[in-house]
Structures are given as C-alpha cells and as structure tokens.
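A.B. asks: I need the structure of the sequence given here:
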Amino acid sequence: MNKAVFLDRDGVINKAIVKNGLPFAPFSFSEFKILPGVKESIKLLSKMNFVSLIVTNQPDALRGKIEKKTIIKMNDYIKDEIKLDDIFVCYHDDHDNCKCRKPKPGLLLDAGKKWNIDLKNSYIRNFIEANLIEESSDLDVVPESVKLLNSYLTVIGVDHK
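C.D. replies: Presented below is the predicted three-dimensional model:
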C-alpha cells in the first residue's frame, strides 16, 4: 500500500484570491498562480515515497462563477507544472449533500481506492487551519493519522501561509 499526502488546492497549491478579507478560488486562468515552493515540496514528498493528491471542493462552477472547463484547465496545469500524482474534485454545492464534498471523506476514500493508499500512514493539509474532516458524520472511516498534517508538512516546507 502507498502512503499519501492529500492537499487542498486553493491556498495550498495556488494563491487564493482574497476579497473583503475572505479567501476565494480564482475565477479565471489569468488569476491562477502556483505558490512559491510548491513544486519543490511535491518533489520532496515524492522522494519520501508519498503519493501527492489534491482533494478540492469547486462549487463555483455549479454556482455559475466559473466554467468547469476553466477549473479543468487549472488542474491540468497543476499536474503538468508541479508533477503531482492526481486531483480529485467535488463540484457539488453545500445543499447537494453529496459524499464527496469536504468535510465529508468521499474524495479521500475515492483517492485511497484508486491509488491503493494506506490511510493510517497518510496525511492531509487544507487551507483552513482545522481538520478537513473533523465535522464529518463518517469520521470513523478515516483514521486519526490522516487528520494530523499541519506540523508535519510545515517541517518539510509545504506550509504556504
């Protein structure tokens, strides 16, 4: 089994757009900028035998704020530019009550199946300084170690505050 680092996209891999003091995903490719040090951090994770995966909510396509093809273009650019392993996206909105929208663990579980991930030896880093899945009613399916990433990734250079 593989160990993985699950990374949020906006604010971790690329620069979040701040409006009125709140972070947002970029709405256009021209706003999309990969943060400094990300490429090197992904290389380091690879050398440490981690699979690097993005798990991201992107409801703005459903909300009509960005075209889905633009999100796909951004994600393809990430894959090409920083050579991470895969990207898992939830396009649903809050009211859809799907299993893949974070903080629910659906994207993690899907990625785990596809990449044969040992969740007990994997980590997660999200933009908001809280456990990505702490509010999930399905918490029992995701081991505690998946929720313990902030200090670990800060040490190896993936923290992008």
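A.B. asks: list the buried ones in the lengthiest helix in the chain?
C.D. replies: For the chain, the helix with the greatest residue count under DSSP state H is helix 68-82. Under the neighbour-count criterion of 16 or more other Cβ atoms under 10 Å, helix 68-82 has 70-71, 74-75, 78, 82 buried. Bear in mind the C-beta positions are built from the backbone N, C-alpha and C, glycine included.
A.B. asks: hmm, who's touching the lengthiest strand in the chain?
C.D. replies: Using DSSP state E, we find that the single longest strand of the chain is strand 50-57. Contacting residues not belonging to strand 50-57 are listed as 2-10, 13, 42, 45-46, 75, 78, 84-90, 92, 101-102, 107-108, 111, 115, 117, 122, 124, 132 [Cβ atoms under 8 Å, 6 or more residues apart in numbering].
A.B. asks: now do the buried residues in it.
C.D. replies: Residues of strand 50-57 classed as buried: 50-57 (neighbour count, 16+ other Cβ under 10 Å).
A.B. asks: hey, where'd the strands end up in this protein?
C.D. replies: Under the criterion DSSP E, the chain contains strands at 3-7, 17-19, 22-24, 50-57, 86-90, 123-125.
A.B. asks: out of those strands, nearest to Lys33?
C.D. replies: strand 17-19 (9.6 Å; Cβ to Cβ).
A.B. asks: okay, now the unreliable bits of this structure?
C.D. replies: In the predicted model, the chain carries pLDDT under 70 at residues 126-161.
A.B. asks: quick one, phi/psi of the residue lying farthest from the centre of it?
C.D. replies: Here the chain reaches farthest from its C-alpha mean at Asn20, the gap being 23.4 Å by Cα atoms, centre = their mean. With angles defined as degrees, to the nearest 10, Asn20 sits at phi 50, psi 40.
A.B. asks: quick revisit: distance from the chain centre to the longest strand of the chain, please.
C.D. replies: Strand 50-57 has its average C-alpha position 5 Å from the chain's average C-alpha position, going by Cα atoms, centre = their mean, to the nearest Å.
A.B. asks: now do stretch 45-59
C.D. replies: Worked out by Cα atoms, centre = their mean, stretch 45-59 lies 7 Å from the chain centre.
A.B. asks: and the helices in the chain?
C.D. replies: 38-47, 68-82, 106-115, 150-156.
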